[in-house]
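Q: Provided below are the primary sequence and the corresponding predicted coordinates.
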Amino acid sequence: MDRLIADTAARIFSDHVDRGVLDAAERGEFPRALWDVVREAGLHLVGSPGSGTDGGDVYELLKVAGRHAVPLPLAEALIANSFLDEAGLTTIAGEGVAPWGRVADRVVTVEGEMSVDFDVAEDANLAGESRDRIRLRSAHRIDVPAQLYERMALSRVALMAGALDRILAMTIDYATAREQFGRPIAKFQAVQHNLAVLAGEVAAARCACDGAIMAHASANFAVSVAAAKARVGEAAGVAAEIVHQVHGAMGFTHEHSLHHFTRRLWAWRDEYGRETHWQEQLGRRVAGGGADSFWEFLVGAG
């Protein structure tokens with residue numbers, strides 16, 4: 001991803017995504033000012049035809065968004081704009097659920113239907129993010145990219161990878177600054193062990209995510225996404241447990257910002273297939289190829 005785009009996104013999200021914006025979004029208020037800034041900067045067009053960026057840049061941008069818990073339907077807008085003419089705010093519905101359907105101008109489903117006429121039942125996920133139930137009143141078929149479900153799954157992988165990077169940094173900072181018995185808790189062996197496990201999980205998640213992003217235009221895309229969604233989902237569960245242990249009671253309070261990231265990890269883990277779904281996909285692929293083709297499959301040639 002172009003460093004300028006990444007730096008611009010990081011600066012915008014740092015400046016405009018704070019506790020007040022996150023709390024308001026979790027109360028159901030769409031962050032219109034944030035969306036306007038994103039549009040003014042042209043970030044909503046990353047990955048769009050003629051933008052000079054590609055699909056890989058979309059997911060790199062989503063990693064930055066995950067580091068800041070950006071409360072926008074950014075994944076949906078970016079992926080929709082990559083194959084549609086940009087027109088207002090487009091959200092994507094999977095299994096009848098769409099982020100911020102209540103404010104969207106149009107809805108595209110992963111099955112390939114689009115409508116500007118739809119009913120909305122407002123709802124939210126575990127993190128308080130808008131996940132509205134959509135019923136299309138009228139719709140027409142459109143051409144959507146192949147493996148759109150996998151593309152949406154990778155969007156959650158990228159968001160989780162970014163959030164994992166953030167909570168690792170938060171936890172190291174906390175363990176270094178928090179003192180107990182006259183020394184930082186990072187000096188205690190048990191805490192050091194937990195931090196080492198956490199760092200390993202985050203590194204594994206980052207590698208799995210980057211591998212799937214690099215495969216976004218290859219024949220191995222679906223397999224790479226399956227492996228990444230399964231591995232990053234596992235890392236999210238382990239990491240969330242560790243960071244709350246290290247932060248102690250402080251990390252469980254609403255006043256601390258940690259929950260904005262761990263609750264999103266738990267929510268994103270469930271969206272577009274949990275680990276078992278993708279592990280089953282990988283298992284079927286391996287079993288279907290037989291023992292003789294397993295090595296080629298494992299190294300990415302299958």
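A: Yep, it's here.
Q: burial of residue 82, as a residue count?
A: For residue 82, the tally of surrounding residues (other CB atoms under 10 Å) stands at 21. Placement of C-beta: from N, CA and C, glycine included.
Q: list the residues that contact it.
A: 47-49, 55, 58, 145 (CB atoms under 8 Å, 6 or more residues apart in numbering).
Q: highest neighbour count among those?
A: The member of the contacts of residue 82 that has the most neighbours, counting by other CB under 10 Å, is residue 58 with 25 neighbours.
Q: for it, which non-adjacent residue is closest in space?
A: Take residue 58 and drop its neighbours on the chain: the residue closest to it by CB to CB, 6 or more residues apart in numbering is residue 47, 3.8 Å away.
Q: residue 219 versus the one you found, what's the distance?
A: Relative to residue 219, residue 47 is positioned 20 Å away (CB to CB, to the nearest Å).
Q: and residue 108, what element?
A: strand 106-109 (DSSP states H and E).
Q: what lines up beside that strand in the sheet?
A: The strands beside strand 106-109 in its sheet (DSSP bridges) come out as strand 90-93 (parallel), strand 113-121 (antiparallel).
Q: starting at the chain centroid, how far to it?
A: Using CA atoms, centre = their mean, to the nearest Å, the distance from the centre of strand 106-109 to the centre of the chain it belongs to is 19 Å.
Q: and for stretch 148-166?
A: 3 Å.
Q: which ones are touching residue 246?
A: For residue 246, the contacting residues are 171, 174-175, 185, 191, 194-195, 198, taking CB under 8 Å, 6+ apart as the criterion.
Q: can I get the buried ones among the residues you listed as something I can paste into ChimeraX?
A: To isolate in ChimeraX the members of the contacts of residue 246 that are buried, counting by 16 or more other CB atoms under 10 Å, one can use:
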select :171,174,175,185,191,194,195,198
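Q: from the contacts of residue 246, which shows the smallest pLDDT?
A: Of all those, residue 185 has the smallest pLDDT value, namely 89.
Q: for residue 177, see how far away it is.
A: Here the distance between residue 185 and residue 177 works out to 9 Å (CB to CB).
Q: the bottom helix or strand of this protein by mean pLDDT?
A: helix 294-298 (a mean of 78; mean pLDDT, DSSP states H and E).
Q: buried residues of that helix, list them for me.
A: Going by neighbour count (16+ other CB under 10 Å), the buried part of helix 294-298 is residue 297.
Q: one more: stretch 86-97?
A: Of the residues in stretch 86-97, those with enough neighbours to count as buried (16+ other CB under 10 Å) are 89-94, 97.
Q: okay if I get these as a markdown table plus distance to residue 257?
A: Conversion of the buried residues of stretch 86-97 to a markdown table gives the following (distance: CB to CB, whole Å):
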| residue | distance to residue 257 |
| --- | --- |
| 89 | 27 |
| 90 | 30 |
| 91 | 26 |
| 92 | 28 |
| 93 | 30 |
| 94 | 28 |
| 97 | 26 |
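Q: spatially central, which residue of the chain would that be?
A: Centre of the chain computed as the mean C-alpha position; nearest residue by CA atoms, centre = their mean is residue 159, 2.3 Å away.
Q: and the nearest residue to it once chain neighbours are set aside, what element?
A: With CB to CB, 6+ apart as the measure, residue 66 is the residue that lies nearest to residue 159, at 3.8 Å, once sequence neighbours are left out. Under DSSP H and E, the secondary-structure element containing residue 66 is helix 55-67.
Q: helices or strands up against that helix?
A: On a contact count with 3 or more CB pairs under 8 Å, 6 or more residues apart in numbering; DSSP states H and E, helix 55-67 meets helix 3-16, helix 74-81, helix 148-177, helix 189-214.
Q: so can I have a markdown table of those showing distance to residue 277?
A: As requested, these are arranged in a markdown table below (distance: least, CB to CB, whole Å):
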| stretch | distance to residue 277 |
| --- | --- |
| helix 3-16 | 30 |
| helix 74-81 | 18 |
| helix 148-177 | 9 |
| helix 189-214 | 15 |
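Q: what's the closest of those helices to residue 139?
A: The minimum distance between residue 139 and these falls on helix 74-81, with 14.7 Å, by CB to CB.
Q: just the CA trace of that closest one, in PDB.
A: Presented in PDB, the C-alpha positions along helix 74-81 are these (Å, rounded to 0.1, in the frame of the first residue of the first chain):
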ATOM      1  CA  LEU A  74     -15.600   1.100   5.600                       C
ATOM      2  CA  ALA A  75     -15.100  -2.500   4.500                       C
ATOM      3  CA  GLU A  76     -18.500  -2.600   2.800                       C
ATOM      4  CA  ALA A  77     -18.000   0.800   1.100                       C
ATOM      5  CA  LEU A  78     -14.500   0.000  -0.200                       C
ATOM      6  CA  ILE A  79     -15.400  -3.400  -1.500                       C
ATOM      7  CA  ALA A  80     -18.700  -2.200  -3.100                       C
ATOM      8  CA  ASN A  81     -17.000   0.800  -4.700                       C
END
